[in-house]
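Q: Give me a model of this one.
(chains A and B)
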Amino acid sequence: MSTRRDFLKTSGVLVVGLTVAGDLVLDAQGTGAGPYPDLDYKQLDSWIVIRPDNTATFFVGKTDLGQGTGTAFRQIMADELDMPYDKTSCVMGVTDVTVDQGGSGGSDALQTDGYPMRRVAAEARRVLLEMASVRLGVPVGQLVVSDGVVSVAADRSKRVTYGELIGGRKFNTTLTGSNINATTGAAQLKDVNQFKIVGKSPQRYDIPAKVDGSLKWAVDAKVPGMLHARNVKPPVAGAKLVSIDESSVKNVPGLVKVVSKGNYVAVVCEREEQAIQAARQLKVEWQKPTTAAFPSSEDLYGFMRTAKPTSSTPPSIVGSPDMAMMTAAKVVEAEYEIPFQGHTSIGPAHAMADPSNNQLTIYSNDMKSYGMREGVAQFLQMPKDRVRVVWMEGPQAYGRTAADDAGFEAAYLAKELGRPVRVQWMRNEETAWDTKGPAFLVKVRGGLDAQGNLVAFDYDARAADFGHLGYNEADTVLIAQLMGIRPSQPNRGSSAVPNEMYAIPNRRMTTHVVSLPTVWETPLRTGNLRDPNGPQSTFASESFIDELAAAANTDAVEFRMKLLTASKEDDNGFKRARSIACLKAAADAFKWDTRPSPKRVGSGDTLTGRGIAYTYRSQTVVAEIAEVEVNRRTGRVWVKRLVCAHDCGLVINPEALRRTVEGGLLHAVSRTLHEEVRFDTEKVTSVDWVSYPTMTHLDTPESIEIVLVNGDPNPMRGDLPHYGAGETMLKPTMAAIANAIFDATGVRIRRVPFRNDRVLAALKTAKV
Amino acid sequence: MASITLRVNGTSRTVDVDSATPLLYVLRNDLDLHGPRFGCGLGQCGACTVIIKGEAVRSCIRPVSTVAGAEITTLEGIGQNGKLHPLQQAWIDEQVPACGFCQNGQIMTAKALLDKNPTPTDAQIRQGMANTLCRCMTYYRIQSAIKRASKTIASARTESEVIA
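A: Numbers count the residues shown, from 1 in each chain, chains lettered A, B, ... in the order given. Coordinates of the predicted model:
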């Protein structure tokens, strides 16, 4: 029988931190069996441990969502510290041994959290140099450091390693900073041109254990005496529990308990297959609500069009849009529709909670493990220092675990039963009840003057996002909702305006949020899906820019370039200059031939075309070009080739970045061609991979080219920032594909996804 | 409950479980194997794939009683003599995984494919892998890695022929 400690010790990637460096930290903090007080971010020892063998472990408050951020953290910290990359390791997201940097989200790992990481590593180097100065008897200015070895510049035989200076002991160095992001010591950051590891592509350290089967994931968390639980979800949104017939499961072997509170129901058994059987077999009487929970997915946009918004932002106005529209030579109008889309992780939600020692340990893949700790402590009314979350690798879902239901459920059940409990959602639960990216309805009008210049732009977006879920909140996670717990007001939700640097003299942009009839205990609850609103708003705006270019009979790149270069004003991140650089880089890489769209429609079954779209997110800029084949007989769209010019400032690991961008592009292709949550008026009917199709190997493009751009006017500056790269690439893809379909066929598709039947119907209507 | 003997990765293991239990739960919970994973329980995604008698099998819908005595290979068992299988090495060389959760199914499905057809065309790779899903959309790199492994296997064959 394995023990809890063995489980941690043998858990693959985690072993690095918790067996070697972790023990040291655990001893220092007196944790292990609990309690688990917050780590002090103002102590250098909370961030970095150096061992006698001259290896270092970094402890960071982030999680890695399969994008290699852990590898990147090691690169930036090893470079600031002057340690060889392969002598470092990294522990992430375990709440009692790492400081709370918030976990992951918003693609800010390097953009924001990378800076305190760099500063603490630089401070450790500074302290070590001072120690070496005493040890070697020369001033710091006469020392050189390389690969964790400090030498006297004039006599390299006089040397001492970091391990000899500090190995196994604490720094006891106090840092400053009013919050974690501001954490700093006295040391200065390096000029990025001095970096030796940043800019290179060490292989991701987490991959070998993921391909040989040795990694222990959060799904593998197992301790002695652990029970298995399954939820029994309400059959329709807003259903009320009337009664449970426990005799319906009395023949299920291993049944430990049927648990219910409010409308939350779960079965707990000794073995996993028993829990599955009990959940299927349990007879529960539910009372359905008397009114429809929501319009069906077929009627969604009609509902959104006429719904009274729950909130509207005051329009942001430049110039006189109404006047300019009235005097325009040509006015173009269009409306775009983007459905609810699911996170639909390849692995449904799961977590294991262990209530031993009157503490609570939750083993979870929650991207925001610190938030879960806080939320669970509140939910169960436990002191925070008795709760810890051990973050482990899990199936990626790009925002799903920001509101991690399974962790709360496991914690609740473990506390109820006084035994470790593992919760695993089934596929139908995950696909139907995970959090959804909000549906959007966007109306855009544009006015062109007689020369084809864009003189007026009027954008109005409605998002079905009322009640958007917060981060692991004790009163909005699903188990809380089902138990009747509510915040006093639902979250207002948000809509979005396009992100571009176009100089348009007259424009108005308005956004609204609308609510579905049912806000609570509904499977159509919205959450952060990889760039929460960006793909939707960018689909509308960048499709529309293309419509305007076509109306002006102008090439789509040329039309955009004119809008970008019409102003010389730039922001402090040089986004205009970088937008121009990306647009040009994408067009060059694609070998874009300048001509208006659409091209002359071909005669065969397969029509080909290309489309461009561009946007930014925060300070990361992308321009994408899609080449598509449209099958005239079947309506099938194949994205044959993708080019993405990507500027996220300083690139830490080019190869890992390329793969992250590729994956993001294809995630967007999947959302463009296949993904739509379907529902009738009482429940979500997308419940598996047949009713919620995703991209497969068959859809894979023939070629994907990522061009890494550095469009900074001073590209070699020593303080070149490292911006986030986890989401921006998803934003323009839908529009690039729609624009390519238009180029190929002359037909404009304005509703996502571009399923075969929809495309075929549009082609037939247009007699293509 | 029934006593069932399984042959997994060359070792015989006896478990005492309900005979209808899907093989996946026995591998994971009784035999502590972590390669095969639960993704859908419906045989749709492939995350639970193991190889039985040369076929890629979805262990989440295969009752354990039906595979008693058959040679079952999991991700943990495809390497030989302490060396990774060429597919696993190709997965590292190409840096295929993003989150990596589905990659068990990708590698095991690809192994069954290459075992039958060591030099598949691009179209055969796409078709052979069509029902094995990845939500990080690493398909582009998976296909490159299968081609790389196919070459490694072919050159290893040529070498062993030369030696023979």
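
Q: Now do whichever helix in chain B runs longest: which elements does it pack against?
A: The single longest helix within chain B, with elements called by DSSP state H, is helix B:139-163. With contacts taken as 3 or more C-beta pairs under 8 Å, 6 or more residues apart in numbering or on different chains; DSSP states H and E, helix B:139-163 sits against helix A:654-673, helix B:86-93, helix B:103-116, helix B:122-129. Where you see a C-beta, it was placed from the backbone N, CA and C, and this is true even at glycine.

Q: Quick check: which of those is nearest to A:G342?
A: helix A:654-673 (9.8 Å; C-beta to C-beta).

Q: Report the separation between the closest residue to A:K196 other than its chain neighbours and B:G43.
A: Taking C-beta to C-beta, 6 or more residues apart in numbering or on different chains, and ignoring the residues beside it in sequence, A:K196 has A:D79 as its nearest neighbour in space, at 6.2 Å. A:D79 sits 47 Å away from B:G43, going by C-beta to C-beta, to the nearest Å.

Q: Neighbour count: the two, which is higher?
A: A:D79 (23 against 17; other C-beta atoms under 10 Å in any protein chain shown).

Q: which SS state does that one fall under?
A: helix (DSSP: H, G, I helix; E, B strand; the rest coil).

Q: if I look at B:Q106, how far off is chain A?
A: 9 Å (C-beta to the nearest C-beta, to the nearest Å).

Q: Any idea which residue is closest to the centre of chain B?
A: Nearest to the geometric centre of chain B sits B:M108, at 2.0 Å (C-alpha atoms, centre = their mean).

Q: okay, that residue: pLDDT?
A: We have a pLDDT of 98 for B:M108.

Q: And for B:A20?
A: 97.

Q: ok, which stretches of the stretch 251-400 of chain A are strands?
A: A:255-261, A:264-269, A:283-287, A:311-312, A:316-318, A:330-338, A:341-342, A:350-354, A:360-364, A:387-391 (DSSP state E, counting those that start in this stretch).

Q: which residue packs closest to A:D45, ignoring adjacent ones?
A: A:K170 (4.8 Å).

Q: Quick check: the one you found is in a strand.
A: No: the assignment for A:K170 (three-state DSSP) gives coil, which keeps it out of a strand.

Q: hmm, back to that, may I see the helices and strands packed on helix B:139-163 arranged in a markdown table, with distance to A:A410 as well?
A: Output for these, formatted as a markdown table (distance: least, C-beta to C-beta, whole Å):
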| stretch | distance to A:A410 |
| --- | --- |
| helix A:654-673 | 28 |
| helix B:86-93 | 31 |
| helix B:103-116 | 24 |
| helix B:122-129 | 34 |
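
Q: that older thread, shouldn't the residue nearest to the centre of chain B be in contact with B:A47?
A: No: assessed by C-beta atoms under 8 Å, B:M108 is found out of contact with B:A47, at 9.9 Å.

Q: Let me know the helix or strand that A:G604 is in.
A: In the assignment (DSSP states H and E), A:G604 maps to no helix and no strand.

Q: Could you count how many residues lie near it?
A: By other C-beta under 10 Å, neighbour count at A:G604 equals 8.

Q: Enumerate every residue touching the residue lying closest to it once chain neighbours are set aside.
A: Excluding its sequence neighbours, the residue lying closest to A:G604 (C-beta to C-beta, 6+ apart) is A:R632, at 7.8 Å. Residues in contact with A:R632 (C-beta atoms under 8 Å, 6 or more residues apart in numbering or on different chains) are A:G604, A:D605, A:T606, A:L607, A:T745, A:L763, A:V768.
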